[in-house]
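1. Just to be clear, the model below is a prediction. Sequence and coordinates:
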Amino acid sequence: MTEFFQSLGMSYEWAWGVATIAGILLIALPLMLAVAMIIYVDRKVWAAINLRRGPNVVGPFGLLQSFADGLKVFLQETIIPSAANKGIFLLAPIVTFTVALAAWAVIPFDAGMVLADINVGLLYILAVSSLSVYGIIMAGWASNSKYPFFSAMRASAQMISYEVSIGFILVCVVLFAGTFNLNDIVRAQEGFGLGIVNAYVVHPLIFPIWVMFFISCLAETQRVPFDLTEAESELVAGYQTEYSSMSFALFWLGEYANILLMCILNALLFFGGWLPPLDIDLIPWFDIPGIVWLLLKAFFFFFMFSWVMATVPRYRYDQLMRLGWKVFLPLSLVFVLVISGYLMATGHFGAAA
Amino acid sequence: MIQTIAFYMFAIIMIASAVMVITARNPVHSVLWLILAFFNAAGLMVLVGAEFIAMLLVIVYVGAVAVLFLFVVMMLDIDVAAMRAGFIRNFPLGIVVALILLAELVLGIGAYNVGAINLGTPPAGDASVVAESNTAAIGALLYTKYVFLFEIAGIILLVAMIGAIVLTHRPSKSKRGQQDIGKQVRRNPDEATVMKQPEVGKGVEL
């Protein structure tokens, strides 16, 4: 895009600046729209599984429900508790929201269609997702209220625990792909399964780690079986108890942007990203743009997230910690060992075998 | 141009937040400024082309270590007034530490300007440093030339970890709250429940 702006007669610096800002807007604005629609989808799927109707009043089929909610929240008063630590209290939702958007910089939506095509893309996503815990801790502490503080402590312990196993699971994927660049990881999946299937997940050693990754994603984004941070029966509403109006909405937007990011990561790392599912020329699906495939796959994972939300009861906190440290961590370590052994044995690294 | 702007932005924010770490009155604010300083240091590392180190800095220091700092500082009820009461008493010690640091800084800059010692530069014609990205370059060097040092570092960390676990582990005294998940999953209706049909007016023998 920089070349295009340079051809309009700008100097390189200006063209780069304008192109980057345009790229950011091109990702962030549709993302906000997607978040609004995905909240609607979430509520509809949840309602359907519970044999309810869900939102159906605002707009056709209730499609505009999220926008109505947004408008309502926007018109409300922002209340800052008098005992709160004002600066950090206001900073916390901003940090949550910004960090949730920052990770999208390295997501490839199609071959080469990425804002920042960096070598360490996957590490960048890990780094940014480890930052997202700060918004929650800051919110919990600055509220100066006991329920938000409990919730913040739960959230940070939970996110740090599950990041460890997510890290090892990503190491397995990187071992197969041989690169941290997300574009190259997707390309490495082309024709991976018997030369036909464009997905890592068909491999018998990768399928179990994908299952672990999916469950860890639920824990990392504090979705339902692991949503102890907002356990309404114990903690009122968790770390966002004292928040109102737009500061509350920013937490929501950030949370759902994170969930969408995890869905996209599932698609990119295990299900072939922007590649069509099968690498066969017979069906004319190579004409469908890659972004459609990626979004379809991500939507499927979001459906799974909602499905889990409507079916599974909440974990107890000690069970959550047990699952993270005593089940997932040893299992993912074993898989790192087994997969590197397998790759060495099958001569995946060429001359190194 | 872009690099220059980015460098001055990262550098200025880093130094300013480092100053705020020691001047902030609230200890929690100090830790948050420290995190900002770490983050901008990572930005500087990206600028010099060490993106792998930068990401590790964010993942390890900002994502894990600083969270624990923040935890401890939030939980402790630090009385700032009581800490300031000892200011005069600790003043000489502080001056000594500051003088030592100043001497080391002067020596360090002097040694750098002379440029005599070349520690850490690889010998010329080292074949192991052939890689396009610096993740691969670090890996190639770490697992070939420095593999023993690397593994010794790993073992030291392992010992430290075991030591920390031994020091903090307390066996729980009560029998309650000990859940055996395997046992719970293995239970089946045949051995866990009994069907009884008691007659009217009679109890059940269990």
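-> Nice, thanks for sending it over. Residues are numbered from 1 along each chain as shown, chains lettered A, B, ... in the order given.
2. Would you enumerate the residues in contact with the residue of chain B found nearest chain A?
-> Nearest to chain A in chain B, going by Cβ to the nearest Cβ, is residue B:63, at a distance of 2.7 Å. Where you see a C-beta, it was placed from the backbone N, CA and C, and this is true even at glycine. Residues in contact with residue B:63, defined by Cβ atoms under 8 Å, 6 or more residues apart in numbering or on different chains, are A:127, A:130-131, A:133, A:160, A:163.
3. of these, list those near chain B.
-> Filtering the contacts of residue B:63 for proximity to chain B by Cβ under 8 Å from any Cβ of the partner chain leaves A:127, A:130-131, A:133, A:160, A:163.
4. which two of those lie the greatest distance from each other?
-> For the ones next to chain B among the contacts of residue B:63, with distances taken as Cβ to Cβ, the pair at the greatest spread is A:127 and A:160 (13.6 Å).
5. Could you check which of these two has the larger neighbour count?
-> residue A:127 (23 against 17; other Cβ atoms under 10 Å in any protein chain shown).
6. How much space separates the more buried one from residue B:33?
-> Separation of residue A:127 from residue B:33 (Cβ to Cβ, to the nearest Å): 19 Å.
7. Check residue B:197 too.
-> In terms of Cβ to Cβ, residue B:197 sits 73 Å off from residue B:33.
8. State the three-state secondary structure for the residue most central in space within chain B.
-> Taking Cα atoms, centre = their mean, the centroid of chain B lies closest to residue B:65, which sits 2.8 Å from it. Three-state assignment for residue B:65 (DSSP: H, G, I helix; E, B strand; the rest coil): helix.
9. and the gap between it and residue B:38?
-> 9 Å.
10. returning to that earlier point: mind putting the contacts of residue B:63 in a markdown table, secondary structure included?
-> A markdown table is the format used below for the contacts of residue B:63 (three-state DSSP):
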| residue | secondary structure |
| --- | --- |
| A:127 | helix |
| A:130 | helix |
| A:131 | helix |
| A:133 | helix |
| A:160 | helix |
| A:163 | helix |
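11. now, which of those residues sits nearest chain B?
-> Minimum distance to chain B across the contacts of residue B:63 is 2.7 Å, recorded for residue A:130 (Cβ to the nearest Cβ).
12. Leaving out sequence neighbours, find the closest residue to the closest one.
-> Spatially, and ignoring its direct neighbours in sequence, residue A:130 is nearest to residue B:63 (2.7 Å; Cβ to Cβ, 6 or more residues apart in numbering or on different chains).
13. circling back: more crowded one of residue B:197 and residue B:33?
-> Taking other Cβ under 10 Å, residue B:197 and residue B:33 do not tie; residue B:33 has more neighbours (19 against 5).
14. So which elements touch the longest helix along chain B?
-> For chain B, the helix that runs over the most residues, judged by DSSP state H, is helix B:87-114. On a contact count with 3 or more Cβ pairs under 8 Å, 6 or more residues apart in numbering or on different chains; DSSP states H and E, helix B:87-114 meets no helix or strand.
15. buried stuff in the next helix-or-strand element following it?
-> As assigned by DSSP states H and E, the chain's next helix or strand after helix B:87-114 is helix B:134-142. For helix B:134-142, burial by neighbour count (16 or more other Cβ atoms under 10 Å in any protein chain shown) applies to B:135-136, B:138, B:141.
16. Same question for stretch A:161-173.
-> A:161-173.
17. will you turn the ones next to chain B among the contacts of residue B:63 into a markdown table that also has pLDDT?
-> Output for the ones next to chain B among the contacts of residue B:63, formatted as a markdown table (pLDDT from 0 to 100):
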| residue | pLDDT |
| --- | --- |
| A:127 | 88 |
| A:130 | 84 |
| A:131 | 86 |
| A:133 | 86 |
| A:160 | 85 |
| A:163 | 87 |
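18. Near chain B, which residues of the stretch 251-353 of chain A are found?
-> Counting by Cβ under 8 Å from any Cβ, the stretch 251-353 of chain A sits next to chain B at A:318-319, A:322.
19. Same list (those) but as TSV, adding pLDDT, secondary structure and neighbour count.
-> Formatted as TSV, these follow (pLDDT from 0 to 100; DSSP: H, G, I helix; E, B strand; the rest coil; neighbours: other Cβ atoms under 10 Å in any protein chain shown):
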residue	pLDDT	secondary structure	neighbour count
A:318	82	helix	10
A:319	84	helix	15
A:322	86	helix	15
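20. of those residues, closest to residue A:301?
-> residue A:319 (24.1 Å).
21. Which of the helices and strands in the chain ranks last by mean pLDDT?
-> With no chain named, the answer covers chain A. helix A:2-7 (a mean of 73; mean pLDDT, DSSP states H and E).
22. Chain B is the one I meant
-> helix B:80-85 (a mean of 67).
23. I'd like the buried residues of stretch A:161-173 as TSV, with secondary structure and distance to residue A:216 appended.
-> As requested, the buried residues of stretch A:161-173 are exported to TSV (DSSP: H, G, I helix; E, B strand; the rest coil; distance: Cβ to Cβ, whole Å):
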residue	secondary structure	distance to residue A:216
A:161	helix	9
A:162	helix	5
A:163	helix	8
A:164	helix	9
A:165	helix	5
A:166	helix	5
A:167	helix	10
A:168	helix	10
A:169	helix	7
A:170	helix	10
A:171	helix	13
A:172	helix	13
A:173	helix	13
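24. which sections of chain B are below the confidence cut-off?
-> Counting by pLDDT under 70, chain B contains low-confidence residues at B:77-84, B:115-132, B:175-177.
25. returning to what we had before: mind putting the ones next to chain B among the contacts of residue B:63 into JSON lines with distance to residue A:230?
-> Formatted as JSON lines, the ones next to chain B among the contacts of residue B:63 follow (distance: Cβ to Cβ, whole Å):
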{"residue": "A:127", "distance to residue A:230": "25"}
{"residue": "A:130", "distance to residue A:230": "20"}
{"residue": "A:131", "distance to residue A:230": "20"}
{"residue": "A:133", "distance to residue A:230": "15"}
{"residue": "A:160", "distance to residue A:230": "18"}
{"residue": "A:163", "distance to residue A:230": "19"}
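26. in the helix or strand encompassing residue A:258, what's buried?
-> Applying DSSP H and E as the criterion places residue A:258 in helix A:245-270. Judged by neighbour count using 16+ other Cβ under 10 Å, the buried positions of helix A:245-270 are A:246-270.
27. ditto for stretch A:95-107
-> Quick answer for stretch A:95-107 (16+ other Cβ under 10 Å): A:95-97, A:99-107.
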